[in-house]
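J.: What shape does this take:
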Amino acid sequence: MLQSIAIRCRLTAVVRHHTVRQARTRHNACSYATASQSLDVQRQNIFLCRHFSQSLDQSDASQYKRGGAESYKLALEALQNAANAKQSLEEQLLREQYEAMERQRQKTSQRKNSNPLKDKDPRLQRLKAIDAADDGETNIKDRAAGVAVVRTIVKQTRQSSQPNNVKVEKWDSKTVRDDDAHDSNNTQSVGKKLDEDYYQKEALQLLEEAALRYGHALALVRLGNEALELAKKSSVSAEESLINKDRCADWIDESPINLSQILAQSSKTIGNDKEGDESISPYISLAHLLYEEAGKAGSAEAWFNLGHLLWDRSGDDEATIMEAMEAFNKAVDLGDSDAMYFVGAQYLSQQEDDEAGYQLLVRAAHEYNHGPALHHLALLSLQGEDKDEFCGLLTKAAEAGNSDSLFLQGYCFYHGEDGYKVDMKAALENFLAAAENFEHVEAMVSAGAILHQGVISPQGSVIIERDQRRAFELYQQAGELGSTEGWRNVVACYAMGEGVKKDIDMAKHIAKTMLKDTDR
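T.: Predicted structure coming up:
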């Protein structure tokens, strides 16, 4: 919805910003495409799906008959274990990369200091000149690797201030793995990768059982989500197939869903070759079937996801658009507040039925305390110049946990606009709430800007204490989440020694790696 308006801080300049008025003109028509994208991201954030590659050996999977709810619960536990193992592996690999880079820096420094007379050798000076000319190409050949290293550096910097909080995951040798994993020569990285693969395979087995054997609605939705992920791949081998057809065929007679149709569609997914319509992956068709079965079982989420699937590939095809809206409306009938907001935004943007669209927003906002719907209604109130209603709705949206509302309210407190009086403490509280609870990157930069400078009243009393260390940490977090402004401020902090030990080399390295394509 609202385009976030970061309070920009270059550290040496006054906080810069765009005006709320300029940003709000984008919302006069309530773009459906924007609403669709926003809701799709929100919905995807609740998914715990992961990429599965193979099926487990099912030799002992059916020693006793589980119910769908139990299988699904166990699948969620396995998914979480896989996610933990993956994160632990990534952190370990990045630590190793960071440590290798530090060792290389130390060796380079030692060589430079070992014989200072060598620096006067004209041959070495010519070589240094050549190296400097090629520095842009040779220093970081793989920019992706450079980005990973920089992110590790800033994490290590943040962790170094709290050494007691640093946790190093241990390799759990009790976890079931392939026989080779027990070899004493295997490293922790190998062990963690096997942990991840094991838990992912286990989760897939359990999801299959819950969804296809028992017709568990949420498990069907998750399999549909995974099918959409596989649709992005250009080719899928038999070993990577989402559904173990041989295993699941034994459940056809007892399954409450149309398992035969799903298995027939699953057979078409090997290789992920396009079907009659070259734009449609067979995995998309499989996801369609899975969502339909979940919807018939009473899942509002399934109808919502099916609506998005159809809408994303509808183009200008009116029949597909109508089918998508039918799925969204089924989700509305089942009480899905996201669908209410989505359909309401569609009606308003297309001016098909403004009153029906408005009432859907009101229902989502007031019956379900839907943050984006409250936020949208607040903006509509502001367009009508009703600042009291705007403040009330925006406050409710912020209290409902809508990150854009927290950010906008902080902005209004900062500038004393649209019914809010200037309140720097309240502005900082809102920015920090959006930053810490919802990873709102513009809020991170804005809170960092306030803390970096501190706030003094006209009478000279301290309103907000300067905390450059905390500001630096907020800039780091914003940068790690993709904020160019965050990285700029990290560079400035290293260059000026504000909030972190001064390190010109580090400032140059981060600027070159993270701002290479932005500051020209």
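J.: which regions of this structure sit below the pLDDT cut-off?
T.: Segments of the chain classed as low confidence (criterion: pLDDT under 70) are 1-66, 112, 114-193, 234-240, 270-279, 352-353, 517-520.
J.: let's see it at 90
T.: 1-72, 74-205, 207, 229-247, 265-283, 312-318, 345-355, 383-385, 512-520 (pLDDT under 90).
J.: Name the single longest helix found in it.
T.: Counting residues, the longest helix in the chain under DSSP state H turns out to be helix 68-114.
J.: Which strands or helices does that one pack on?
T.: With contacts defined as 3 or more CB pairs under 8 Å, 6 or more residues apart in numbering; DSSP states H and E, the secondary structure elements packing on helix 68-114 are helix 143-160, helix 188-208, helix 217-231. Every residue, glycine included, has its C-beta placed from N, CA and C.
J.: got the angle for it vs helix 188-208?
T.: 160 degrees (axes from the mean of the first three to the mean of the last three CA atoms, to 10 degrees).
J.: Next, the angle from helix 68-114 to helix 217-231.
T.: Between helix 68-114 and helix 217-231, the angle formed by their directions is 40 degrees, by the same axes, to 10 degrees.
J.: in the helix or strand harbouring residue 397, what counts as buried?
T.: With secondary structure defined by DSSP states H and E, residue 397 is part of helix 387-399. Of the residues in helix 387-399, those buried by neighbour count under the rule 16 or more other CB atoms under 10 Å are 389-394, 396-398.
J.: so can I have TSV of those residues showing distance to residue 300?
T.: Rendered in TSV, the data for the buried residues of helix 387-399 read as follows (distance: CB to CB, whole Å):
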residue	distance to residue 300
389	30
390	30
391	32
392	29
393	25
394	27
396	23
397	22
398	26
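J.: quick one: which of those is nearest residue 374?
T.: Closest approach between these and residue 374, by CB to CB: residue 397, at 3.6 Å.
J.: tell me the contacts of the closest one?
T.: By CB atoms under 8 Å, 6 or more residues apart in numbering, the residues touching residue 397 are 371-372, 374-375, 378, 405.
J.: One more: residue 464?
T.: Going by CB under 8 Å, 6+ apart, residue 464 touches 424-425, 428, 450-451, 454-455.
J.: now residue 361
T.: Residues 340-341, 344-345, 348, 373, 376-377 are the ones in contact with residue 361 under the rule CB under 8 Å, 6+ apart.
J.: What of residue 358?
T.: For residue 358, the contacting residues are 344, 348, 380, by CB under 8 Å, 6+ apart.
J.: Residue 493 now?
T.: Residue 493 touches 11, 468, 471-472, 475, 499-500, counting by CB under 8 Å, 6+ apart.
J.: Which of these sits closest to residue 111?
T.: Distance to residue 111, by CB to CB, is smallest for residue 500 among these, at 26.9 Å.
J.: helix, strand or coil for the closest one?
T.: Under DSSP: H, G, I helix; E, B strand; the rest coil, residue 500 falls in the coil class.
J.: Count residues in the vicinity of it, would you?
T.: The local packing count at residue 500 equals 23, with neighbours defined by other CB atoms under 10 Å.
J.: now do the one 10 residues further on
T.: The criterion is other CB under 10 Å. On that basis, residue 510 has 26 neighbouring residues.
J.: just checking, it touches residue 489?
T.: No. Applying CB atoms under 8 Å, one finds residue 510 not in contact with residue 489, separated by 10.6 Å.
J.: Which residues are in contact with the nearest residue to residue 209 once chain neighbours are set aside?
T.: Nearest in space to residue 209, with sequence neighbours left out and distances taken as CB to CB, 6 or more residues apart in numbering, is residue 71 at 4.5 Å. Residue 71 makes contact with 206-207, 209-210, 213-214, 216, 219, according to CB under 8 Å, 6+ apart.
J.: now residue 455
T.: 424, 462-464.
J.: let's see it at 7 Å
T.: For residue 455, the set of contacting residues under the criterion of CB atoms under 7 Å, 6 or more residues apart in numbering consists of 424, 463-464.
J.: Please tell me how far it sits from residue 477.
T.: To residue 477, residue 455 is 21 Å away according to CB to CB, to the nearest Å.
J.: Kindly report the same for residue 388.
T.: Note on residue 388: its distance to residue 477, by CB to CB, is 35 Å.
J.: related to what we said a few turns ago, I'd like the contacts of residue 71 laid out as a markdown table, including distance to residue 355 and neighbour count.
T.: Shown next, in a markdown table, are these (distance: CB to CB, whole Å; neighbours: other CB atoms under 10 Å):
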| residue | distance to residue 355 | neighbour count |
| --- | --- | --- |
| 206 | 46 | 24 |
| 207 | 42 | 28 |
| 209 | 47 | 27 |
| 210 | 42 | 28 |
| 213 | 46 | 25 |
| 214 | 43 | 23 |
| 216 | 39 | 28 |
| 219 | 39 | 27 |
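J.: List just the nearest of these to residue 254.
T.: The nearest member of those to residue 254, counting by CB to CB, is residue 213 at 6.9 Å.
J.: Name the nearest residue to the closest one, sequence neighbours excluded.
T.: Spatial nearest neighbour of residue 213, excluding adjacent residues (CB to CB, 6+ apart): residue 251 at 4.3 Å.
J.: Can you tell me how far the one you found is from residue 291?
T.: Distance, residue 251 to residue 291, using CB to CB: 19 Å.
J.: Then residue 335?
T.: Relative to residue 291, and taking CB to CB, residue 335 is found at 18 Å.
J.: quick one, which of those two is more surrounded?
T.: Set residue 335 next to residue 291 and count neighbours by other CB under 10 Å: residue 291 wins out with 29 against 12.
J.: Next up, identify which helix or strand that one is on.
T.: Short version: residue 291 belongs to helix 282-296, going by DSSP H and E.
J.: Same question for residue 463.
T.: Applying DSSP H and E, one finds residue 463 within strand 462-464.
J.: For that strand, which strands pair with it and how are they oriented?
T.: Note on strand 462-464: by DSSP bridges, its sheet partners are strand 455-456 (antiparallel).
J.: hang on, the residue nearest to residue 213 packs against residue 214?
T.: No. The pair residue 251 and residue 214 fails to qualify as a contact (CB atoms under 7 Å) at a distance of 8.7 Å.
J.: Common neighbours of these two, please.
T.: Shared between the contact lists of residue 251 and residue 214 (criterion: CB under 7 Å, 6+ apart) there are no residues.
J.: how far away is the residue nearest to residue 213 from residue 107?
T.: Computed with CB to CB, the distance linking residue 251 and residue 107 is 60 Å.
J.: Residue 199 and residue 79, how far apart?
T.: In this structure, residue 199 and residue 79 are 7 Å apart, going by CB to CB.
J.: same question, residue 231
T.: Counting by CB to CB, the gap from residue 231 to residue 79 is 20 Å.
J.: and if you look at residue 508?
T.: When distance is defined by CB to CB, residue 508 is 41 Å away from residue 79.
J.: of the two, who's got more company?
T.: residue 79 (23 against 14).
J.: so is residue 215 in a helix, a strand, or just coil?
T.: In three-state terms, and counting by three-state DSSP, residue 215 is coil.
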